[in-house]
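Chemist: starting from these lines, generate the structure:
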Amino acid sequence: MAAGGPVFAIILMLTSLFTALLFDLRADKIFALPSSIVEASAEDLVAFERAAAMAAEGRASETYDPSAFRAGLSPQHKGMLWLNPPHALLLVAPLADAPYDLAKLWLMGLTVLSLAFIGALARAPFWMIAALIVSPAAFASLLVMQTGPLIAFGLLSALLLAPSRPMAAGLVLALLTVKPQYGLMAPVFLAALGQWRAVGWAAAFSAGFAALSVAAYGAAPWAAFFNSMTGGAISVHGANLHRDMLSVGSTLLKLGAGPFSGAGQVAAIIICGALTFVAARRLPRDAAIGMALLASAAASPSFWVYDWPLIAAGLIMLARATPPWPPMIQLAAGLLWIGPLYSLGLGTIASSLIAPLLLMATLAGFALWLARARPAGL
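Modeler: All right, here's what the predicted structure looks like:
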């Protein structure tokens, strides 16, 4: 019960009970197993299957054309886009011929396993692992069938593996480049510790995956991807206001910062990079990784409510690697754990400001406490 402290533990357990009720209330959506994407509800697994099918038909470059991508989808999927780089098509390729219900079962199973493995890697007690599996982070990911738990497990695994198995760490980091926005702090962390072999393997494997995608689909998808980023669907999507996008840049847009939101996002990346570097150099490994995971979330230019497992993983690592936190940090961390529910539950642009502001406050609180207090045992 001591992990993090009693206030944090109580919030986790009470939140799990509430989240279990949410799972029951939305069971008809989350646990439904439609046989095809036409019958599926609005969930992102539809986009994965659609992209895989188009690539299998030799139309990989058209996945970045919104009109072509949405053709044939049901009306509730008309907002779907394919935003991942072309080598992500290699990973979703098996979905091209997979029944939708089977693919959804696999994703649900991988989600639960990833969350359990995060807890195991953190050496968390059973109650905390259970709280993670039935957490707002898990609910937000499963509600839209996204890959947040897999990304969090992969990033945590890579940072843990880097000292002893740099090739394996590099391979995992290369796989995570299909969602590059979440790995900005990984090279900073590894560089701070001089773990250059892991960095080198990550670069080599990433180049290899890109080359494989060119061999499989040609160079046209990469041209279409970069065009989409510089003036097409991806850039337009990122510039719009989205309730469930919780990045610093998006938060500043919601607050009316306009053109200064981009500068704010760059500043967040620089600050989080400095924080990650210092944490890696001065803190024990597990505590430093916990800070790096929180900083990765805060630095991401495209961080969504369903990516919250990255934050949950960071909090669990810090809870297990440090002495009990001061009461105010326990309270802030507990409120941060609830983060997805502010946006999903209240359903307004204003409510979506709560979680990112809590993330910044909690990250700053941990940084100040760890730097000034020098807690015993660290």
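Chemist: what's in contact with the helix or strand encompassing Pro356?
Modeler: Pro356 is part of helix 354-368 when elements are defined by DSSP states H and E. The contact list for helix 354-368, computed with C-beta atoms under 8 Å, 6 or more residues apart in numbering, reads 246-248, 250-251, 272, 275, 279, 291, 294-295, 297-298, 303, 305, 311, 318, 325, 328-329, 332-333, 335-336, 339-340, 342-343. Heads up, the C-betas are built off the backbone N, CA and C, glycines and all.
Chemist: cool, stretch 255-275 as well?
Modeler: Under C-beta under 8 Å, 6+ apart, the answer for stretch 255-275 is 184-185, 188, 247-250, 252-253, 291, 295-296, 298-299, 301, 353, 363, 367.
Chemist: which of these fall in helices?
Modeler: Those of these mapping onto helices are 188, 248-250, 252-253, 291, 295-296, 298-299, 363, 367, per DSSP state H.
Chemist: take these and lay them out in CSV including pLDDT.
Modeler: Listed next are the ones in helices among the contacts of stretch 255-275 as CSV, based on pLDDT from 0 to 100:
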residue, pLDDT
Val188, 97
Val248, 91
Gly249, 89
Ser250, 89
Leu252, 91
Leu253, 89
Met291, 97
Ala295, 97
Ser296, 97
Ala298, 96
Ala299, 96
Leu363, 96
Ala367, 94
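Chemist: break down the stretch 251-378 of the chain into its strands, ranges please.
Modeler: Using DSSP state E, counting those that start in this stretch, no strands are found in the stretch 251-378 of the chain.
Chemist: list the contacts for Leu110?
Modeler: Leu110 neighbours (C-beta under 8 Å, 6+ apart): 149-150.
Chemist: relative to Ala364, how far out is it?
Modeler: 33 Å (C-beta to C-beta, to the nearest Å).
Chemist: for Glu43, same thing?
Modeler: From Glu43 to Ala364 the distance is 34 Å (C-beta to C-beta).
Chemist: neighbour count winner among those two?
Modeler: Glu43 (23 against 14; other C-beta atoms under 10 Å).
Chemist: go ahead and confirm that one touches Met145.
Modeler: Yes - with contact defined as C-beta atoms under 8 Å, Glu43 counts as touching Met145 (4.0 Å).
Chemist: ok so, going back, would you show me how to pick out the buried ones of the contacts of stretch 255-275 in ChimeraX?
Modeler: Typed into ChimeraX, the line below selects the buried ones among the contacts of stretch 255-275, using 16 or more other C-beta atoms under 10 Å:
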select :184,185,188,247,248,249,250,252,253,291,295,296,298,299,301,353,363,367
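Chemist: would you list every one of the helices in the stretch 1-150 of the chain?
Modeler: Remark: helices assigned in the stretch 1-150 of the chain by DSSP state H, counting those that start in this stretch are 6-25, 27-30, 45-56, 66-70, 88-92, 100-121, 126-133, 136-143, 148-161.
Chemist: with respect to Asn227, which of the ones you listed lies nearest?
Modeler: helix 66-70 (12.6 Å; C-beta to C-beta).
Chemist: pull out the buried positions in that closest one.
Modeler: 66, 69-70.
Chemist: mind listing what the spatially closest residue to Val178 that is not a sequence neighbour touches?
Modeler: Once flanking residues are discounted, Val178 sits nearest to Ala88: 3.8 Å by C-beta to C-beta, 6 or more residues apart in numbering. Neighbouring residues of Ala88 by C-beta under 8 Å, 6+ apart: 51, 178-179.
Chemist: export the residues you listed to TSV and tack on distance to Leu25 and neighbour count?
Modeler: Formatted as TSV, the contacts of Ala88 follow (distance: C-beta to C-beta, whole Å; neighbours: other C-beta atoms under 10 Å):
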residue	distance to Leu25	neighbour count
Ala51	30	28
Val178	32	18
Lys179	29	22
